[in-house]
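> The sequence and its predicted three-dimensional model are supplied below.
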Amino acid sequence: MKDQTCFISYTTRTENDKAWAKWTEWVLRNKLGSKTIMQEYDFPPGCNFKTEMDNALKQADVVICVLTHNYLESANCREEWTNAKSIIPIKFDDCEPPGLLTSRAYTDLYGLDQPSAKDRLIKELSKKTRPKDEPPAPFSPSDATDEEPPFPTNKTTVFDYEYSTKEAFHEFTLTLPHMLKIAQHAESFDAFEDEFGEKRARFYLEAGTGHRRQGDYNKALEWYREALTIHEKVLGMDHLHTASTYNNIAGVFHDQGDFNRAREWYCKALAIHKKVLGMDHPNTASTYNNIAGVFHDQGDFNKALELYYKALAIREKVLGMEHPHTALTYNNIALVHSDQGDFNKALQWHYKALVILGKVLGMYHTDTATTYNNIASTFSKLGDFNGALEWYNMALVIFVNVLGMDHPTTATTYNNIALVYSSQGDFNKALEWYLKSYRIILEKLGETHPNMMILKNNMRYAYDKGGFPQPFEDWLRVSCNKPLRLG
């Protein structure tokens, strides 16, 4: 890196991001002899930002990406690295580089203390020299000869995508088969468990996340457990990657409605986050948020609010008032107030969330759609059914376009629309929408899932109220395999 000009690409959204960028610039300039360009120091007040950015990218030999969740959500940062001649990503939190960034080797400083992070950064960015002496290689003694050169290992690529836009989700579905083949092939690295274990675990995590996004929860658990075995053995029980895998496993149990096991795994992750990262870290807040969600689903509203407010205090302090994660906590608090019957307070929190998500993520993001869905639910509880249908349909357009017509999240919105029609006494219309939801839930989650039991009760109520002559179970069995016919 000596004598190279490095442009520091970072987001100014949080103080942590700015601090990591300043630290990175200092190490490059003082320890590696690089020339640096950085907005903080080199863009004059009142300048044309786009012009300065264009000039900086032309001057820079390499762009240093300060990778965080905030960075990956920034449109400006994406524009910077996609227009760079060369990039070096440096990861500072538990984000995973999405899309095209997965093909770039990056320096992982997540979870390290400052001295260790500095040592690793200097080591990985320093110019490598070829060894004069023969380097060690993992041969058995009988295989090593003076004539045969060491056999190099191949670099690996992990596929990882954001799934909240239609294009990204489509890209993910195309790469999933390749991802699974790579994960299966990674098992051939058993002989080098310590060296390749973490790479294998990343393949397994990606495969697990892929299956989870498609609603195949049992397969997701299989892959997550494969990753966990490696993380616990290679990295240890108190490592942050181990905690992340605990969180993933907990999330699947939560999706499946197994709330006690979900809470058990979330609490294991929380213990590591508090020990390693401290009480005021965004990852600690996320785990509080996850545990609160379990209590909420179990009907313990007071405990849920207690933990949501803990998460909110951390997120507002560390991430700021206009961060998407802060907005999601507003949404979650609103949902609890709605379930407690305080609908006006619920709407106040939902609208706060919507303003942030619309501004930061855009009006066609799945998190924005979730907020539409939540606002619709509150209108329905207030008896404003036309308002509820309007908001539900806004959410449905996004979910269908991004996730598809047969995704469990889309099925939830079908169910919600059916509930509104049922409340209006239009039972034919309600059953039409319930049946759409039923077919998806049956295929993706199974007959014993809690959502299925709630859905069947809703369907039976609408069917009985509609006065249809055929027994409900007979109608349901026949209707699952053909278009809806009533009466």
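Yep, that arrived.

> For the rest of this, base every contact and every neighbour count on C-alpha atoms.
OK.

> Could you measure from residue 323 over to residue 315?
According to Cα to Cα, to the nearest Å, residue 323 stands 8 Å off from residue 315.

> again with residue 452
34 Å.

> Please apply the same query to residue 223.
30 Å.

> ditto for residue 353
13 Å.

> Overlap of the contact sets of those two?
Here residue 353 and residue 315 share the contacting residues residue 326, scored by Cα atoms under 8 Å, 6 or more residues apart in numbering.

> So between residue 223 and residue 315, which is more surrounded?
Taking neighbours as other Cα atoms under 10 Å, residue 223 and residue 315 compare with residue 315 leading, 26 against 23.

> so for the one helix or strand residue 56 maps to, what's the average pLDDT?
Using DSSP states H and E, the element containing residue 56 is helix 49-59. Taken as a whole, helix 49-59 has an average pLDDT of 87.

> so where's the protein shaky on pLDDT?
Along the chain, the parts satisfying pLDDT under 70 run over 1, 99-103, 128-198, 450, 481-487.

> Quick one: the strands in it, in order.
5-9, 35-37, 62-67, 87-91, 107-108 (DSSP state E).

> Mind putting those strands into TSV with mean neighbour count?
Output for those, formatted as TSV (neighbours: other Cα atoms under 10 Å):
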stretch	mean neighbour count
strand 5-9	25
strand 35-37	20
strand 62-67	25
strand 87-91	20
strand 107-108	18
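
> Could you export these as a markdown table, including distance to residue 234?
Converted to a markdown table, those look like this (distance: least, Cα to Cα, whole Å):
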| stretch | distance to residue 234 |
| --- | --- |
| strand 5-9 | 32 |
| strand 35-37 | 37 |
| strand 62-67 | 24 |
| strand 87-91 | 20 |
| strand 107-108 | 16 |
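
> what residues are up against the closest residue to residue 303 other than its chain neighbours?
In space, and not counting its chain neighbours, residue 303 is closest to residue 295: 6.5 Å by Cα to Cα, 6 or more residues apart in numbering. Residues in contact with residue 295, defined by Cα under 8 Å, 6+ apart, are 301, 303-304.

> Please pick the buried ones from those residues.
For the contacts of residue 295, a burial check counting by 16 or more other Cα atoms under 10 Å picks out 301, 304.

> And the contacts of residue 295, which is closest to residue 9?
Among the contacts of residue 295, residue 304 lies closest to residue 9 (Cα to Cα), at 38.2 Å.

> distance of that closest one from residue 279?
Distance, residue 304 to residue 279, by Cα to Cα: 18 Å.

> so residue 27 makes contact with residue 118?
Yes: the pair formed by residue 27 and residue 118 meets the contact definition of Cα atoms under 8 Å, at 7.3 Å.

> So what does residue 43 look like in phi/psi?
Per-residue torsions, residue 43: phi -100, psi 110 (degrees, to the nearest 10).

> Could you give the number of residues near it?
Counted with other Cα under 10 Å, the neighbours of residue 43 add up to 16.

> what's around the closest residue to it other than its chain neighbours, how many residues?
Among residues not flanking residue 43 along the chain, residue 52 sits closest, at 6.6 Å (Cα to Cα, 6+ apart). Residues near residue 52, counting by other Cα under 10 Å, number 15.

> Kindly provide the distance from residue 52 to residue 392.
44 Å.

> cool, and residue 295?
25 Å.

> Then residue 299?
24 Å.

> More neighbours: which of those two?
A direct count of neighbours by other Cα under 10 Å for residue 299 and residue 392 places residue 392 higher, at 25 against 14.

> isn't that one right up against residue 418?
No: counting by Cα under 8 Å, residue 392 does not reach residue 418; the two are 10.4 Å apart.

> And the contacts of residue 295, which is closest to residue 239?
Nearest member of these to residue 239, counting by Cα to Cα, is residue 304, at 27.0 Å.

> mind listing what the closest one touches?
291-296, 336 are the contacts of residue 304 under Cα under 8 Å, 6+ apart.

> what's near enough to touch residue 415?
Counted by Cα under 8 Å, 6+ apart, residue 415 has contacts 433-434, 437, 455.

> Of all pairs in those residues, which one is the farthest apart?
Of all pairs in the contacts of residue 415, the most separated under Cα to Cα is 433 and 455 at 11.0 Å.

> dump the residue contacts of residue 417.
Neighbours of residue 417 in contact, by Cα under 8 Å, 6+ apart: 389, 392, 430, 433.

> Also residue 91?
66-68, 106-110.

> Compute the distance between residue 273 and residue 289, please.
Residue 273 is 13 Å from residue 289, by Cα to Cα.

> actually residue 474, not the one I wrote
As defined by Cα to Cα, residue 474 lies at a distance of 42 Å from residue 289.

> now do residue 52
40 Å.

> dump the residue contacts of residue 70.
Per Cα under 8 Å, 6+ apart, neighbours of residue 70: 11, 13, 17.

> Let me have the residues you listed in CSV, extended by distance to residue 253 and neighbour count.
Below are those laid out as CSV (distance: Cα to Cα, whole Å; neighbours: other Cα atoms under 10 Å):
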residue, distance to residue 253, neighbour count
11, 34, 24
13, 33, 15
17, 33, 21
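
> among those residues, which are in helices?
Within the contacts of residue 70, residues falling in helices by DSSP state H are residue 17.

> From the contacts of residue 70, pick the one nearest residue 38.
Distances from residue 38 to the contacts of residue 70, taken by Cα to Cα, are shortest for residue 11, at 11.3 Å.

> okay, now the residue nearest to that closest one when sequence neighbours are not counted: neighbour count?
Sequence neighbours aside, residue 71 is the residue nearest to residue 11 in space, at 5.4 Å (criterion: Cα to Cα, 6+ apart). Using other Cα under 10 Å, residue 71 is surrounded by 21 other residues.

> And for the one 3 residues further on?
Other residues within reach of residue 74 by the criterion other Cα under 10 Å amount to 16.

> ditto for residue 264
By other Cα under 10 Å, neighbour count at residue 264 equals 14.

> Not counting sequence-adjacent ones, nearest residue to it?
Nearest one to residue 264, counting by Cα to Cα, 6+ apart, is residue 250 at 7.6 Å.

> now residue 413
Nearest to residue 413 is residue 396, by Cα to Cα, 6+ apart, at 6.4 Å.

> what's stretch 262-280 in contact with?
So stretch 262-280 is contacted by 111, 238-240, 242-244, 246-247, 249-254, 283-284, 287-288, 290-291, 294, 314, 318 (Cα under 8 Å, 6+ apart).
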